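Novice: Sequence first, predicted model second:
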Amino acid sequence: MAIKNNFDGKSWLEWPREYRSRDKNTLKKAKETLKDEIEYHVFLQYLFFKGWEELKKYANDNDVKIIGDIPIFVATDSADTWENPKMFEFDKKLQPKKVAGCPPDAFSKYGQLWGNVLYNWKYIEETNFDWWIKRVKSCFKLYDKVRIDHFRGFESYWAIPAKAKTAQYGKWEKGPGMKLFYAIKKALGDLDIIAEDLGFLTPKVYKLLKDSGYPGMKILQFAFDSREESDYLPHKYPKKSVAYTGTHDNQTVAGWYKTTNKKDKDFCDEYLSDFLSSKIDNNNSISWKFIEALWSSNSNLTIAPLQDFLNLDDSARMNTPSTLGGNWIWRVDKTLLTKDLEKKLSVLTIKYKR
């Protein structure tokens, strides 16, 4: 960070060659000349970890566990890529050869071009997955349970030429599969991990999930496609699964219901018609029907965003995939956290023994 600020915030990929390639003499000199700023960043990290450890202890002392997230990829402009370029798909000039994304799907006509430089899995395997093991270990210092993002990418991932303008020009390449997860288990033992098994799934991805032993994710918003049979209907959820009304990438339930087509809405209404028999919600809102359907399911763990407990529309949406700006800005007004909300959640939680 000190070097980055010294070069006006430019990505390390644009630094002078001796800095990009981590020339020993250059770095030694930088540590001397930038000593004060380096210590400033060390102090910022100290403050963060001190505060986080206090927060986590408070949560754990009150029987609350924290779920964290491991994005499958790291930022191209990051300390990890700068320090370990051999682990990534860089060329001799330390520029990305291939980048990450996903093919065209329901979210995006041209796919999603994330732009993260891809892993050099051959090299990572030769190092016995050491970096990945350290990464997972560090996450479990921060969190009690960890969700591994884009799990299907460990079976095969969408590789896009770095100079491509859209993700549609990518192709599938083989991931590390169970070799990685065997190495993690051997080094760290059994861990409380959730696999984000969403997206384009194949028999090989399903097999990887089964072999890993991790619970996958079930998203209720994905259940009501009237054109096809769905694995996302609550009565089909296996016990080893984590069920969500929607994730951070989805609309809110109220927003989804307002914008979905009539056939899917009718299917949804018919399926959920028996819920809220407990009359916990005087408005008979769609959000609370979703929540009760999840709470009554067989999944070991059920999760709903706070926006759905509050029955908020898409103005409170967390994130819109493949867009920049305006995401992750929603904050809850404390006045919305009422005794009535507490009672509703309490009634459902007791009723379904959650």
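Specialist: Thanks, I have the structure now.

Novice: okay, CA-based contacts and neighbour counts for the rest of this
Specialist: Will do.

Novice: Pick out the residue closest to the middle of this protein.
Specialist: Asp149 (4.3 Å; C-alpha atoms, centre = their mean).

Novice: pLDDT (mean, whole number) over the helix of greatest length in the chain?
Specialist: Across the chain, the longest stretch assigned as helix under DSSP state H is helix 35-61. The pLDDT scores in helix 35-61 average 98.

Novice: Could I get the buried residue list for that helix?
Specialist: Residues of helix 35-61 classed as buried by neighbour count (16 or more other C-alpha atoms under 10 Å): 37-38, 56.

Novice: which residues sit against stretch 73-92?
Specialist: 11-13, 20, 22, 94, 96-98, 100, 115-121, 123-124 (C-alpha atoms under 8 Å, 6 or more residues apart in numbering).

Novice: Return the distance of the helix or strand encompassing Ser346 from the chain's centre.
Specialist: Using DSSP states H and E, Ser346 maps to helix 339-351. Helix 339-351 sits 28 Å away from the centroid of its parent chain (C-alpha atoms, centre = their mean, to the nearest Å).

Novice: so what does it touch, helix or strand wise?
Specialist: helix 286-295 (3 or more C-alpha pairs under 8 Å, 6 or more residues apart in numbering; DSSP states H and E).

Novice: can I have the helix it packs on written out in CSV, keeping just the CAs?
Specialist: Taking Å, rounded to 0.1, in the frame of the first residue of the first chain, the C-alpha atoms of helix 286-295 are listed here in CSV:
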residue,chain,number,x,y,z
ILE,A,286,-44.8,-12.4,0.4
SER,A,287,-41.5,-12.0,2.3
TRP,A,288,-42.8,-13.7,5.4
LYS,A,289,-44.4,-16.5,3.3
PHE,A,290,-40.9,-17.1,1.9
ILE,A,291,-39.4,-17.0,5.4
GLU,A,292,-41.9,-19.5,6.8
ALA,A,293,-41.5,-21.8,3.9
LEU,A,294,-37.7,-21.9,4.5
TRP,A,295,-38.1,-22.3,8.3
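
Novice: Could you check the angle that helix makes with helix 339-351?
Specialist: If you take axes from the mean of the first three to the mean of the last three C-alpha atoms, to 10 degrees, helix 286-295 sits at 30 degrees to helix 339-351.
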